[in-house]
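>>> How does the following fold in three dimensions:
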Amino acid sequence: CGLALLPAARGGSMKDNAAKLASASKDKTVRVWNMSTFQPMFTIDAHDSYVRCVVLLDGGLMATGSSDRSVKVWDVESRRCIATLQGHTDSVLALASIAGGRTAAASA
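Predicted coordinates:
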């Protein structure tokens with residue numbers, strides 16, 4: 001669950017329309033990689049503890065789960081957190097995209 005493939009943008013405003021890979025890390029970040037060059041594009045300081053999982057959602061969004069017991073929803077293009085979901089009593093270990101990316105499920 002520590003990787004998510006972000007498909008190439010179609011006519012969007014992203015400078016690089018190549019497919020991207022998002023990777024979760026123990027250093028509390030999510031790194032986004034260009035799958036054409038296999039080079040890192042940018043890093044998001046995502047959580048207060050290990051980032052355990054990342055999943056692609058619809059509309060250019062991704063969700064991350066962490067040992068800080070939260071799920072965050074990110075706008076990939078702007079690299080901004082648009083929602084923080086709290087309430088888990090333990091680390092969020094898995095996220096799943098359901099219904100074509102319109103819904104996410106978390107497991108702690």
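
>>> Hmm, residue 81 is touching residue 71, no?
No. Between residue 81 and residue 71 there is no contact, the gap being 10.6 Å when judged by Cβ atoms under 8 Å. From N, CA and C alone the C-beta is placed, and that goes for glycine too.

>>> Have a look at these two and say which one is more surrounded.
Neighbour count, other Cβ atoms under 10 Å: between residue 81 and residue 71, residue 71 has more, with 23 against 15.

>>> Pull the contacting residues for that one.
Residue 71 sits next to 63, 64, 65, 84, 85, 88, 92, 95, 104, 106 when contact means Cβ atoms under 8 Å, 6 or more residues apart in numbering.

>>> so where do the strands sit in this protein?
For the chain, strands defined by DSSP state E occupy the ranges 3-6, 20-24, 29-34, 39-45, 51-57, 61-66, 70-75, 80-86, 94-98, 103-107.
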